[in-house]
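Asker: Provide a 3D model corresponding to the input given below.
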Amino acid sequence: MSIILESLQDALPLIEMGQQPWEYETSDRAVKILGPGCGFGEFYLKRCKDEGRYAQTIEEANSIAQKKGVTITGVWLSKK
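Answerer: Residues are numbered from 1 along each chain as shown. Here you go, the predicted structure:
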């Protein structure tokens with residue numbers, strides 16, 4: 001498996017077809033927003049969600065990004 005970065009524009013159709021994002025790339029590299037494809041355990045993801053660092057949908061990721069004052073510029077997707 002490899003992880004590749006797609007532009008947000010190119011990733012949206014893939015996400016709509018069911019591809020799960022690994023991580024959302026933001027305009028501030030210090031901000032990490034994990035996606036459902038990251039594969040981390042349930043308890044870690046709950047903590048990340050509580051801290052505003054995990055999103056299950058692109059809409060949720062955009063909401064988190066807006067609260068942090070950043071924009072999503074790309075999406076890391078896994079390829080098998």
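Asker: Gln56: how many residues sit nearby?
Answerer: 14 (other C-beta atoms under 10 Å). Backbone N, C-alpha and C define where each C-beta goes, glycine included.
Asker: Repeat that for Ile58.
Answerer: Going by other C-beta under 10 Å, the residues that sit close to Ile58 add up to 18.
Asker: Touching, it and Gln19? I think so.
Answerer: No. Contact criterion C-beta atoms under 8 Å: Ile58 and Gln19 do not qualify, at 11.0 Å.
Asker: what touches both of these two?
Answerer: Common neighbours of Ile58 and Gln19, using C-beta atoms under 8 Å, 6 or more residues apart in numbering, do not exist here.
Asker: For the lengthiest strand in the chain, list every residue counted as buried.
Answerer: Counting residues, the longest strand found in the chain (DSSP state E) is strand 72-79. Within strand 72-79, the residues that count as buried by 16 or more other C-beta atoms under 10 Å are Ile72, Thr73, Gly74, Val75, Trp76, Leu77, Ser78.
Asker: Can you dump the C-alpha atoms of it in CSV for me?
Answerer: Provided in CSV are the C-alpha atoms of strand 72-79 (Å, rounded to 0.1, in the frame of the first residue of the first chain):
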residue,chain,number,x,y,z
ILE,A,72,-7.9,22.0,2.9
THR,A,73,-5.6,22.0,-0.2
GLY,A,74,-5.3,18.2,-0.8
VAL,A,75,-6.2,14.8,0.4
TRP,A,76,-3.9,11.9,1.1
LEU,A,77,-5.4,8.7,-0.3
SER,A,78,-4.2,5.1,0.0
LYS,A,79,-3.5,3.0,-3.1
